[in-house]
Structure formats: C-alpha cells, structure tokens
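Undergrad: can you look at this prediction? I've put the sequence above it.
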Amino acid sequence: MMAGGGGSAVAGGPALHIPVLGRPAVELLQPRQGGVYIDATFGAGGYTRAILAAADCNVIGIDRDRTAIALGADLVDQARGRLTLIEDRFSNLDAIARDTGFPAVDGVVLDLGVSSMQLDSAHRGFSFRLDGPLDMRMGGDGPSAADVVNKASERDLANIIFILGEERHSRSVAHAIVKTRAEASFETTRALAETIASVVYSRPNDIHPATRTFQALRIFVNDELDELATALRAAERVIKPGGRLVVVSFHSLEDRIVKTFFVERSGSRGGSRHAPEVNRPAPTFRTLTKRPIAADDEEIANNPRARSAKLRAAERTDAPAHADAPSNLLPELPAVADVVGGR
C-alpha cells in the first residue's frame, strides 16, 4: 500500500508515492551492490525506487495489475537495465525469478493490500467513497465483486464478511444485500455502500459502515490470503542464504499468516511436554523482528492508511526449503468460483 507524496529519484524524476514503512523495510532488506531483489507488489514503484537508490543492484518488479506495470515504464527507462517489470501474481515469484534468469535472489519485499492508486481510481471499484462499477479485481480476470454480491448465498456472504472483514454485523449485512438484490442487481459501489449503511450504524469519528464489508469482498475476490501463503513459500525457495524477506501487512489475518509462517519456519514454536518429541526440519528463517514494526505518529499523520500497517522480517538460513506447507494459515471459506457458480 502506497502513500501519496514526493520522494527521491532514481536516475531523475520524482517518486510519485512513498511506501508505508518504506525506510525500515529497505533498511531490513539491506540492498547491496550486485544483489538481486524482488519487489513482489510493485504498485506505484515506491519500494523499487528506494531499493535501486540504496545500492547498485537489480530489481524484479511484479504486479498483477497491468495498469501498474504500464505506469512503471518510465522507471524502467530511468533504471538503465537494473529493473525488470513482470505482470503476474506474486505467488509465482520464484518461477518469475527463474524465468528472468535469477534462480536465487538476495531479498523479497511484499507490501500487501490495495494501493492508493487503486483506491483512488473510481472505475476500479475498490472504494465506497468514489462511485464506480463494483469490480475490485486487481488483475481484471475472474469474477468481480458484483458477481459475488449478486450470486453468493446469504450464508456464504455472511461468512465472507465476518471472517475476512471481521464485521460483527455480517448476518445483517448479508440479509440486506440478498433482500436488495431481489429488486435489482448491485452494479455500483455506491449502491452497495448505501445498503450496508442501512443496517450498520456508526458514530461520529467511526470508520465508514461499509469499510469492513468492502475489505472482505476485495480480499475474497482476489484470493489474497491464499496468494500470500503461497508467496511466502515461494520466497523461501528462491531467497539465498543470508537474504531477507520483508512483509508489510494491513490486515490482522494477513499479519497472522506472516507471523505463523515465520514462527514455524524459524523453529521457534514451542513443543508440548505432553506430546511426543517431533523431528522438525532445520529452520529456514531467522526472525529479525521479535515484534512487528508499526508506523510512527508522523507517518500516520501524513498517511492515515499507515495506522494499521505492521512490518515483519526474517533472514534466510542455509537449510533447504521445507516440502510441507505451514499449518493453519488460511481460514476455511469456499472458493470464489463455487460461490459465484451458485452451489
């Protein structure tokens, strides 16, 4: 997620955005001369600019949003051969690195969630503050938020909104959506936001009543949690010994996945004296942040979206990547296709 504002240039030209927790993220990544780094959520290029400015290194930028890739063309020119941009999902980051000619890299940074660039584009349908088509797809493919809202069962909608949005009024919201769509399908962000506001009441200075539901739909439509879990394992496979993995999250479920992954892969999860001894694979990461790093008051004042940001980082050991997936990373929810298909 990016914040508006200026920043240092790489080979000329101002940075259009400053990444949330950008300074500690790059400091922990430790870019070095000749290194290769993956900015797996390129967005407006804030992290990439900072990495390229920190050392004479190479960056592979990945984004599933073709608009972000297109807008990064100028930065590619400015970087003079040090930046390669790829339109793809970040869950494929290890395969992308190999296909780009780098079977191993020195670091990976993941800046999760939706970018300011996406939120501020009404036609993308991410924000309830700007009326536009109810879309929310980061890549433009697959079912949209409108498909989910108009076709999912009331039970599935309630579960999605409760689990991914942590909305305690999820059942009321789901019921209102189903009742309203019986009269007319949802097509716009405003129509959905107004329906939610009719059953979720807020006091002055509270977040907008639609905030949690829109968040849940965005995460669900883009399969963000599964993408994250897969990307963490891909990073484990591609980062060299001594390389760094830095993750900035904005949602408690995202942070929980990252924390669980680092705990399991660092071997710091304690055993039980009541359970038999288990032979675990050697740790693949050494945790660098015992507690997550949060934005300070100045950064939050400049960018309120930074208030929920948490940064965690770890250093790769020389142990081989684990074959198994960490346990209990993902909540149990139906697939997007199943929900839209009307099981």
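TA: Done, it's in. Numbers count the residues shown, from 1 in each chain.

Undergrad: and the gap between the residue nearest the centre of the chain and residue 252?
TA: In the chain, the residue lying closest to the centroid (CA atoms, centre = their mean) is residue 112, at 2.1 Å. Separation of residue 112 from residue 252 (CB to CB, to the nearest Å): 12 Å. Any C-beta I mention is one placed from the backbone N, CA and C, and that applies to glycine too.

Undergrad: check which helix or strand covers the nearest residue to residue 168 once chain neighbours are set aside.
TA: Distances taken as CB to CB, 6 or more residues apart in numbering put residue 162 closest to residue 168, at 7.6 Å, once the chain neighbours are dropped. Of the helices and strands defined by DSSP states H and E, residue 162 is found in helix 154-165.

Undergrad: I'd say residue 54 and residue 31 touch.
TA: Yes. Here residue 54 reaches residue 31: they are 4.3 Å apart, a contact under CB atoms under 8 Å.

Undergrad: thinking again about what came up before, residues contacting the helix holding residue 162, please?
TA: 148-149, 152, 167-168, 170-171, 173-175, 177-178, 212-217, 219-220, 225, 253, 331, 333-334, 339 (CB atoms under 8 Å, 6 or more residues apart in numbering).

Undergrad: and it, what's buried?
TA: 156, 157, 158, 159, 160, 161, 162, 163, 164, 165 (16 or more other CB atoms under 10 Å).

Undergrad: make JSON lines from these and add distance to residue 326 to it.
TA: Converted to JSON lines, the buried residues of helix 154-165 look like this (distance: CB to CB, whole Å):
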{"residue": "156", "distance to residue 326": "26"}
{"residue": "157", "distance to residue 326": "29"}
{"residue": "158", "distance to residue 326": "28"}
{"residue": "159", "distance to residue 326": "23"}
{"residue": "160", "distance to residue 326": "23"}
{"residue": "161", "distance to residue 326": "26"}
{"residue": "162", "distance to residue 326": "24"}
{"residue": "163", "distance to residue 326": "19"}
{"residue": "164", "distance to residue 326": "20"}
{"residue": "165", "distance to residue 326": "24"}
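
Undergrad: what's the closest of these to residue 74?
TA: Ranked by distance to residue 74 (CB to CB), the buried residues of helix 154-165 are led by residue 164 at 35.2 Å.

Undergrad: for residue 315, see how far away residue 256 is.
TA: 21 Å.

Undergrad: which of these two has more neighbours?
TA: Applying other CB atoms under 10 Å to residue 256 and residue 315 shows that residue 315 carries more neighbours, namely 18 against 15.

Undergrad: who does that one bridge with?
TA: With DSSP bridges as the criterion, residue 315 is bridged to residue 244, residue 286.

Undergrad: what's the mean pLDDT across the helix holding residue 162?
TA: For helix 154-165, mean pLDDT is 97.

Undergrad: dump that helix to PDB, restricted to CA.
TA: The C-alpha atoms that make up helix 154-165 are tabulated as PDB, following Å, rounded to 0.1, in the frame of the first residue of the first chain:
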ATOM      1  CA  GLU A 154     -26.800 -15.300   2.100                       C
ATOM      2  CA  ARG A 155     -24.900 -17.800   4.300                       C
ATOM      3  CA  ASP A 156     -21.700 -17.600   2.200                       C
ATOM      4  CA  LEU A 157     -21.900 -13.800   2.100                       C
ATOM      5  CA  ALA A 158     -22.200 -13.700   5.900                       C
ATOM      6  CA  ASN A 159     -19.200 -16.000   6.400                       C
ATOM      7  CA  ILE A 160     -17.100 -14.000   3.900                       C
ATOM      8  CA  ILE A 161     -17.900 -10.700   5.500                       C
ATOM      9  CA  PHE A 162     -17.500 -12.000   9.100                       C
ATOM     10  CA  ILE A 163     -14.200 -13.900   8.500                       C
ATOM     11  CA  LEU A 164     -12.400 -11.600   6.100                       C
ATOM     12  CA  GLY A 165     -13.900  -8.300   7.200                       C
END
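
Undergrad: pull out the buried residues from the helix or strand following it.
TA: Where DSSP H and E defines the elements, the next helix or strand beyond helix 154-165 is helix 170-181. Applying a neighbour-count criterion of 16+ other CB under 10 Å, one finds 170, 171, 172, 173, 174, 176, 177, 178, 180, 181 buried in helix 170-181.

Undergrad: quick one, domains of this protein?
TA: 2-116+224-316, 130-223+333-340 (automatic domain parsing).

Undergrad: quick one: terminal-to-terminal distance for stretch 71-85?
TA: 11 Å (CA to CA, to the nearest Å).

Undergrad: same deal with stretch 328-338?
TA: Stretch 328-338 end-to-end distance (CA to CA) = 22 Å.

Undergrad: can you list contacts of that stretch?
TA: 142-143, 148, 156, 159-160, 163-164, 220-221, 223, 225-226, 229, 253, 257, 260-261, 343.

Undergrad: tell me how far it is from the chain's mean position?
TA: Relative to the centre of its chain, stretch 328-338 is centred 17 Å away, using CA atoms, centre = their mean, to the nearest Å.

Undergrad: what's the answer for stretch 86-93, then?
TA: With CA atoms, centre = their mean, you get 12 Å for stretch 86-93.

Undergrad: can you list the buried residues in it?
TA: Neighbour-count burial for stretch 86-93 [16+ other CB under 10 Å]: 86, 87, 88, 89, 90, 91, 92, 93.

Undergrad: quick one: contacts of that stretch?
TA: So stretch 86-93 is contacted by 38, 40-41, 60-66, 69, 96, 100, 108, 110, 139, 226-228, 230-231, 234-235, 238 (CB under 8 Å, 6+ apart).
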